[in-house]
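Peer 1: When you get a sec, could you give me coordinates for this:
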Amino acid sequence: CKYRGGGVLSVGRVQTPTLKLIYDRCKENAGHEKKIEYGIKGKIQGTNIELELDKFRVPKRDEAEEKLKGLPLSLEIISTREDKKKSPPKLPAILDLQKLANTNWGYKADETLRVVQSLYEKHKAVSYPRTDCNYITKNTADKLNSRLGNFKDFKGFEHITSKSINSQVIGEVEAHEGITPTGVVPKGLSEAEESVYGLVVAIFLANYCDDYQYRNIKYEGKIDGKEVLKGTEKELIDPGYLKVYKDTSHSYKEIIPDGRYSIEYEIKEIESKPKPLFTQATLLEKMKNVHNEEEGEIKEKLKEIKGIGTGATRGAIIETLYKRNYIEDQKKSIIITDKGKQIIEILQSEDSKLLDVGYTADLEYRLDEIIKDKGIFNSFLADVNGMCASMLNTLKDNRRSVRFVGNEKNRSEFVCPVCGRPVLIGERNYYCSGYRDGCKYSVLKNVGQKNLTANQLKALITKGKTGLIKGFKNREGKKFDGYLVYNKDLMRLEFTI
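Peer 2: Sure thing, here's the model as predicted:
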């Protein structure tokens, strides 16, 4: 369906619920009301080990300061230690490579799929890529073991400790196995191909290495036998597969013996955070595990079909949303555009089934049933045709009202904290692109006879409050210092001293 801006309005059984996920997350993120609480942390003097006063949170700083005054200057620190180990990562499915490539190098999901497809088709260097599986068969494992020597010149090969691949990757295979190198060492790779191929090889070689082993250490310092300072650290025992496949989720501090130590206390400010905006990596994960926020039969159906979309199609679905100008990037995050937001709200006004991930799950189930019973095809087709006709009429009826601000030159990097639409840059202010629909959000560039800096404007729009600003002037020309706060209830800027 074409709309008046010359673009295309499209919906789909996977595309639309995916867009709804992004819409909901952007709305929740923009509408988050910051809450600050105060706790107390204690640093063990002479070390970089920090403990926290357990179960202590208060809404006012002066309450925390009063509590701090009564804490002892030294404590008997006792530790409990537990040795743990972690196995190498399982062989990657395409989703795993897409998430890692997005996190490591910023590659979009569809781009990663194209790269892996090239490694498979052109270079014959990896196995079939369009897979949702993390396992291989025993027969494939034996073949890979026999080709292990082909990788002797790769970084990390010297750290392998076994000639047989880890048994954890041998398991039930539904359609296609997990992605592995074939043993063919490719030449003439592009930078992206080199990066992704190196990732596949690193995970493969990691499964010929020992487990990563560490010691989990819990420190406790009891205060009057009731309250307690707590903290957890890790001690490295054996890096194992980390020598081959770098896992950046581990950090270590010095380890101390039990005993009495002096404690340096300070107030800890704890600010509530909204759920972060999606990145390509986290959106892919959400699409696969969307069942986590459902209940009952729908939850089980979505879990069985492994979410919305497949490993082979999710990247293309996200790319379609970009091409339709429904979403765009804001640094590393994905945000919904004004056009995308309007599409969702039009469908919401019609109570469209397409917004419901449960409907997508039901369609998948009915398609599976058709394979078993061809006789139900006609009724299925009639239902789908009816739904499509309804959606087409909805889009046709509303296409004249769709306005798209995604390509306007005066668009800022910010999202309106009131309604979630993009924020535009005017000559004298930043204002919401939803002003035609009644959103009155606006932030002046010059306040109190003082031009706000880019960082001050950013803080005001994203956090609702600036840091201390010096040099404001009142109407009489008298200077004063203060903070700028945006009052959402009154839709205006206010000073706080």
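Peer 1: Flag the shaky bits of the stretch 201-350 of the chain, pLDDT-wise.
Peer 2: 247-251 (pLDDT under 70).
Peer 1: could you pull out the strands for it?
Peer 2: Taking DSSP state E, counting those that start in this stretch, the strands of the stretch 201-350 of the chain run over residues 212-223, 227-238, 259-271, 327-330, 333-336.
Peer 1: quick check: angle from the second one to strand 212-223?
Peer 2: What it means is strand 227-238. 160 degrees (axes from the mean of the first three to the mean of the last three CA atoms, to 10 degrees).
Peer 1: follow-up on the earlier one: can I get the strands of the stretch 201-350 of the chain in a markdown table including mean neighbour count and distance to residue 74?
Peer 2: Every C-beta, even on glycine, is put in place using the N, C-alpha and C of the backbone. A markdown table is the format used below for the strands of the stretch 201-350 of the chain (neighbours: other CB atoms under 10 Å; distance: least, CB to CB, whole Å):
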| stretch | mean neighbour count | distance to residue 74 |
| --- | --- | --- |
| strand 212-223 | 17 | 9 |
| strand 227-238 | 16 | 11 |
| strand 259-271 | 14 | 5 |
| strand 327-330 | 18 | 48 |
| strand 333-336 | 24 | 45 |
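Peer 1: Go through those strands and name the closest to residue 183.
Peer 2: strand 212-223 (26.1 Å; CB to CB).
Peer 1: And that closest one, what does it pack against?
Peer 2: strand 74-86, strand 227-238 (3 or more CB pairs under 8 Å, 6 or more residues apart in numbering; DSSP states H and E).
Peer 1: Switch those strands over to TSV; also include distance to residue 339.
Peer 2: Shown next, in TSV, are those (distance: least, CB to CB, whole Å):
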stretch	distance to residue 339
strand 74-86	45
strand 227-238	47
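Peer 1: circling back: take the strands of the stretch 201-350 of the chain and write them to CSV, including distance to residue 455.
Peer 2: Putting those into CSV (distance: least, CB to CB, whole Å) gives the following:
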stretch, distance to residue 455
strand 212-223, 38
strand 227-238, 34
strand 259-271, 18
strand 327-330, 17
strand 333-336, 19
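Peer 1: Measure how buried residue 389 is and give me the count.
Peer 2: 10 (other CB atoms under 10 Å).
Peer 1: And it, how close does it get to residue 382?
Peer 2: 11 Å (CB to CB, to the nearest Å).
Peer 1: ditto for residue 195
Peer 2: Taking CB to CB as the measure, residue 195 falls 48 Å from residue 382.
Peer 1: Name the residue in those two with the higher neighbour count.
Peer 2: Applying other CB under 10 Å to residue 195 and residue 382 shows that residue 195 carries more neighbours, namely 17 against 10.
Peer 1: Can you verify my assumption that the more buried one contacts residue 104?
Peer 2: Yes - proximity of residue 195 to residue 104 meets the contact threshold set by CB atoms under 8 Å, at 7.5 Å.
Peer 1: Chain neighbours aside, what residue packs nearest to residue 431?
Peer 2: residue 442 (4.4 Å; CB to CB, 6 or more residues apart in numbering).
Peer 1: looking at this, residue 369 is in a strand?
Peer 2: No - going by DSSP: H, G, I helix; E, B strand; the rest coil, the assignment for residue 369 is helix, not a strand.
Peer 1: what's near enough to touch it?
Peer 2: residue 376 (CB atoms under 8 Å, 6 or more residues apart in numbering).
Peer 1: could you redo the last one with a cut-off of 10 Å?
Peer 2: 376-377, 380 (CB atoms under 10 Å, 6 or more residues apart in numbering).
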